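Enquirer: sharing a model that was predicted from the sequence below.
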Amino acid sequence: MGSPHEIAEIAERPLAIGPNQRNLDDLARIFQESSGSVWRAVYVYTGGRREIAEEAVSEAFALAMESRREILNPLAWIYKTAFRIATLEMSRERKVPTPPLDATVVEVEEVQDLLVALDQLPAR
């Protein structure tokens, strides 16, 4: 998805954090209960881009595990982080230029010859 620096920056943006001591069991429970809802919300937000939704939600949960002792409201933090990661990825998609269509170059003389040939066809 994003570079480690960009993802760390996303995760460090101000959210409700405090001295709450979370453990991995809390996050495992939140994952089991809410990961589907988080994924569906991000999936809809991204316009059905499954890969972006999966990566954003996975990355958000992974970052939550790393920062679990500092997060006051883990589910809200996970939602917000997943949406931020998805937004970053979609903005990258828009910046990638689309390759030009393979256009066939046709000389004017060839078009004129074709039009003359079509005029010579018998009418039905």
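Expert: Thanks, I have the structure now. Worth saying up front: this structure is predicted, and the values here are computed from it rather than measured. Residues are numbered from 1 along each chain as shown.

Enquirer: I'd like the next helix or strand past the helix or strand bottoming out on mean pLDDT in the chain.
Expert: Among the helices and strands of the chain, helix 4-12 carries the lowest confidence by mean pLDDT, DSSP states H and E, at a mean of 57. Using DSSP states H and E, the helix or strand that follows helix 4-12 in sequence is helix 24-45.

Enquirer: pull out the buried positions in that next one.
Expert: Using 16 or more other CB atoms under 10 Å as the test for burial, helix 24-45 gives L27, I30, F31, S34, S35, V38, W39, A41, V42, Y43, Y45. Every C-beta, even on glycine, is put in place using the N, C-alpha and C of the backbone.

Enquirer: isn't V42 right up against V57?
Expert: Yes - under the criterion of CB atoms under 8 Å, V42 makes contact with V57 at 5.8 Å.

Enquirer: intersection of neighbour lists for the two?
Expert: A82 (CB atoms under 8 Å, 6 or more residues apart in numbering).
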